[in-house]
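1. Take this sequence and fold it.
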Amino acid sequence: MSQNTVKNTVPPAENGPEPRPAAARKARSTVFGRIIKGDIFTSNSVAQFLPYAGFLTLLTLLYIANAYYAERKVNRINQLNKQVKDLHSKYVSVKADLMYGMQRGELSKALLDEGIKENTTPPKVIMVENNENEHIY
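-> Numbers count the residues shown, from 1 in each chain. Purely as a prediction, here's the structure:
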């Protein structure tokens, strides 16, 4: 069997990273240069992506419109919840007033102004006997 040996080890660069080839720097600078100059918009490749860009613009507009619509709905729901709370409190207060007005003492006071007095004598029970000795009240 043979022994393990180290293959070509490259010593680390002492001056820093290796410089890029001139072609890579030129390719990058030409893309940015074309964008800045505006040449990229006059080429034929832009016409290919125009429907896609229009579709993305439409989706963006729909997204924004949906956000405004949802915000309006949330505000409307909050307003309706406040109205429900107000109406509930009015319901409770009116119900309490009605229950207070329906008490026997309050009714007798209100009817006294009308000339109707409360009966002070208890009612009399009339008993009728049938032939079969059943009591009917």
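2. and residue 40, how many neighbours does it have?
-> Here the number of neighbours of residue 40 (other Cβ atoms under 10 Å) works out to 14. In short, each C-beta sits where N, CA and C put it, glycine included.
3. and if you look at residue 107?
-> Other residues within reach of residue 107, judged by other Cβ under 10 Å, total 13.
4. swap in the one 4 residues further on?
-> Burial of residue 111, expressed as a neighbour count using other Cβ under 10 Å, amounts to 12.
5. centre of the chain versus whichever strand or helix holds it, how much separation?
-> Following DSSP states H and E, one finds residue 111 within helix 104-114. Chain-centre distance of helix 104-114: 52 Å, with Cα atoms, centre = their mean, to the nearest Å.
6. Stretch 97-104 now?
-> For stretch 97-104, the distance from its own C-alpha centre to the chain's C-alpha centre is 42 Å (Cα atoms, centre = their mean).
7. State the distance from the one residue sitting closest to the centre of the chain to residue 65.
-> Geometric centre of the chain, nearest residue: residue 74, 5.5 Å, by Cα atoms, centre = their mean. Counting by Cβ to Cβ, to the nearest Å, the gap from residue 74 to residue 65 is 15 Å.
8. Contacts for stretch 42-52, please.
-> Stretch 42-52 is contacted by residues residue 40 when judged by Cβ atoms under 8 Å, 6 or more residues apart in numbering.
9. could you give the angle of the helix or strand containing residue 65 to helix 104-114?
-> Following DSSP H and E, one finds residue 65 within helix 44-101. In this structure, helix 44-101 runs at an angle of 70 degrees to helix 104-114, with axes from the mean of the first three to the mean of the last three Cα atoms, to 10 degrees as the basis.
10. Report all helices and strands that the helix holding residue 111 contacts.
-> The criterion is 3 or more Cβ pairs under 8 Å, 6 or more residues apart in numbering; DSSP states H and E, and the helices and strands that helix 104-114 contacts are helix 44-101.
11. Find the least confident helix or strand in this structure, judged by mean pLDDT.
-> Taking all helices and strands of the chain together, the one with the lowest average confidence (mean pLDDT, DSSP states H and E) is strand 135-136, at a mean of 58.
12. Now do the contacts for residue 106.
-> Taking Cβ under 8 Å, 6+ apart as the definition, contacts of residue 106 comprise residue 100.
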